[in-house]
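Sharing a model prediction with you, sequence too.
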Amino acid sequence: MTVSFKRLETYVDTVALDLRNQFQEMFSRHVELAFQHKQMDELTYRRFMTEICMEETIDGVFAHYESLYTKLKSYLRNQLLDRIIKGAEYIESRDVNDPYREAAMRKYDRLVEELQAFDTRESA
């Protein structure tokens, strides 16, 4: 009986370690992509990339990465909102006949659509 319990304990430890490694790879890829697409500044990128999971249980690993992904999604949403606000301020500062105003309005509309798609994905 003791031998099988030890095997189960070893198996659970191995699964938790594998899970932790897979989540770390996936999270790092998401942060890297956000940085490459200029959705994240370098300081925030470095801060997210240095987050290391030290959890040893499956539940602990899930909780750690759930928390990290919640922070990442919140950060990305706030960055998008900031870009929308800056875009609105830019459009308001331009004369109605300014040739750049129309392009700025199209970009603003794309950002608003992106935010709506983000919120739709998060509510699903």
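Ah, there it is. Computed from a predicted model, the values in this text were never measured in an experiment.

Please identify the helix or strand for the residue positioned nearest the centre of the chain.
Residue closest to the average C-alpha location in the chain (CA atoms, centre = their mean): residue 72, at 3.4 Å. Assigned by DSSP states H and E, residue 72 belongs to helix 58-93.

Tell me the first helix or strand C-terminal of that helix.
Next in sequence after helix 58-93, counting helices and strands by DSSP H and E, comes helix 99-123.

Pull out the buried residues from that next one.
Residues of helix 99-123 classed as buried: 101, 104, 108, 111 (neighbour count, 16 or more other CB atoms under 10 Å). C-beta here means a position set from N, CA and C on the backbone, and glycine is covered the same way.

and if you look at stretch 28-37?
Neighbour counts over stretch 28-37 (16+ other CB under 10 Å) mark 30-31, 34-35 as buried.

One more: stretch 46-56?
Neighbour count says stretch 46-56 has 48, 51, 53, 55 buried, by 16+ other CB under 10 Å.

how long is it end to end?
One end of stretch 46-56 to the other measures 24 Å (CA to CA, to the nearest Å).

for that stretch, the distance to its chain's centre please.
14 Å (CA atoms, centre = their mean, to the nearest Å).

Can you pull the poorly scored residue ranges out of the protein?
Across the chain, residues meeting the criterion (pLDDT under 70) sit at 1-12.
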